[in-house]
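1. Just need the structure, nothing else, for what follows:
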Amino acid sequence: MSDIRPAAVAGSWYSANAEQLAGEVDGYLEAAAATPSVPNVVGLIAPHAGLMYSGPVAAHAYRQLRDRTIDTLVIVGPSHFVAFDGVAFYGRGGFASPLGVAEIDDAFASDLMAATAVIHEDRGPHRREHSLEMQLPFVRRVAPQARIVPLLVGHQTEATATALSDALGKVGRNKSVVLIASTDLSHYENATTARALDTVVLHQVEKFDPDGLQAALLNNPQHACGGGPAVAVMRAARALGATRSAVLNYADSGDVSGDKSSVVGYMAAAMSAA
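-> Reported below is the predicted structural model:
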C-alpha cells in the first residue's frame, strides 16, 4: 500500500492541472490583499467547498501564512462519509495534490496519539474525504515547506473536542505549528436564513469563545458541519498563547452562483497571540 494518499476530488472540486490551480489560488490570495495582516497567527478557520465557491473566502485566512516559516500545519476537519468515534489520523507518508505532496509530520502525530486515546490511526475515513484535501491548494502555495498532520473528527461530541484540544495544546507548545479548522457553515438555506444562522458562529468566533460556540452547536448542529474541529482548534489555540480572534471574511455560495435561494455559508478566521 502506498503511503501517499491520492487526491480524491482533483479535477472536480478544483483543477487537476497544476498551472491552472496555482493561478486560481494565487488570484484568490491577491484578491484578499486588503485583509489586514494578523501577527503571530496560532490558528485559522477556513471553508472546504469547491474551490470556485469557498476559495475566495479561504484566501483571507491563508494570506496570514505568507512569508512565514512554519514547520507543521495541523489540519482538523469533519468526516462527511464515514461515521466513527474519536479522531482518525491518516498515518505516515503524505497527501498528494496537483501542486505536490504535503508530507505528514509523523513525530508530531505520534506525540498527539500518545497524549490522548481519542486519536487513532485509520486511513479509511480519509479516502473520499474532501474537508482536509480542500486546504491543500492553499497550503502548497503559502507554506510549501510545512508538513501536515491530517486529522478527521468522526462523531463531533463535546468530549472529543475537549480531548483533541487538550492534546493539541500539550503537544504544540513551544513548536512552530499553526492549527487549521476546516468547516463550512449553514447548508442549503436561503441567504437571509443562512446569514442569521451563520451570525451565531461568527459572533462566538469573534468573541474567541469556544465554549459559547460549543453550546450553540449543541443547540443546533446545523450551524457548521465542522463545528467540532472549530471548537477544538479555538480551545487549543488559546492554550498555545492566542489571545485574540478575528473573523476575516464571510460569504455564501450564492455570491458566486447567483442563486440566493439555497446557499452554503463560508467563513475565514484567525486566532493570534499578542
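2. Tell me the helices and strands packed up against the one helix or strand residue 247 maps to.
-> Assigned by DSSP states H and E, residue 247 falls within strand 242-252. With contacts taken as 3 or more Cβ pairs under 8 Å, 6 or more residues apart in numbering; DSSP states H and E, strand 242-252 sits against helix 51-62, helix 191-206, strand 263-273. C-beta here means a position set from N, CA and C on the backbone, and glycine is covered the same way.
3. Name the nearest residue to the most centrally placed residue in the chain, ignoring sequence neighbours.
-> In the chain, the C-alpha nearest the mean C-alpha coordinate belongs to residue 182, at 2.3 Å (Cα atoms, centre = their mean). Closest residue to residue 182 apart from its sequence neighbours, by Cβ to Cβ, 6 or more residues apart in numbering: residue 77 at 3.6 Å.
4. so what's that neighbour up against?
-> Taking Cβ atoms under 8 Å, 6 or more residues apart in numbering, we find residue 77 in contact with 48, 129, 131-132, 135, 151-153, 181-183, 226, 229.
5. same check, this time on residue 125
-> So, once contact is read as Cβ under 8 Å, 6+ apart, residue 125 ends up touching 79, 81, 82, 84, 88, 152, 154.
6. go with 10 Å
-> By Cβ atoms under 10 Å, 6 or more residues apart in numbering, the contact set of residue 125 is 79, 80, 81, 82, 83, 84, 87, 88, 90, 152, 153, 154.
7. what does residue 230 give?
-> Residue 230 touches 43, 45, 76-78, 156, 161, 181-183, 185, 201, 204-205, 210, 213-214, 217, 223-224, 267, 269, counting by Cβ under 10 Å, 6+ apart.
8. Of the contacts of residue 125, select the buried ones using a ChimeraX command.
-> Selection command for ChimeraX covering only the buried members of these, criterion 16 or more other Cβ atoms under 10 Å:
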select :79,87,88,90,152,153,154
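9. Narrow the contacts of residue 125 to those in helices?
-> Using DSSP state H, the subset of the contacts of residue 125 located in helices is empty.
10. with the contacts of residue 125 in mind, which one is nearest to residue 107?
-> Nearest to residue 107 out of the contacts of residue 125 is residue 90 (Cβ to Cβ; 14.7 Å).
11. The closest one and residue 81, how far apart?
-> 15 Å (Cβ to Cβ, to the nearest Å).
12. partner residues bridging the residue nearest to residue 182?
-> residue 152 (DSSP bridges).
13. Near residue 235, how many other residues are there?
-> A count of neighbours around residue 235, defined by other Cβ atoms under 10 Å, yields 24.
14. so is it in a helix, a strand, or just coil?
-> helix (DSSP: H, G, I helix; E, B strand; the rest coil).
15. Chain neighbours aside, what residue packs nearest to it?
-> residue 165 (3.6 Å).
16. Now do that neighbour, the pLDDT please.
-> For residue 165, the model assigns a pLDDT of 98.
17. On the C-terminal side of the helix or strand where it lies, identify the next helix or strand.
-> Assigned by DSSP H and E, residue 165 belongs to helix 158-171. Per DSSP H and E, the first helix or strand lying C-terminal to helix 158-171 is strand 177-182.
18. Show me what that next one is packed up against.
-> Counting contacts by 3 or more Cβ pairs under 10 Å, 6 or more residues apart in numbering; DSSP states H and E, strand 177-182 packs against strand 41-46, helix 51-62, strand 72-78, strand 147-153, helix 158-171, helix 227-239, strand 263-273.
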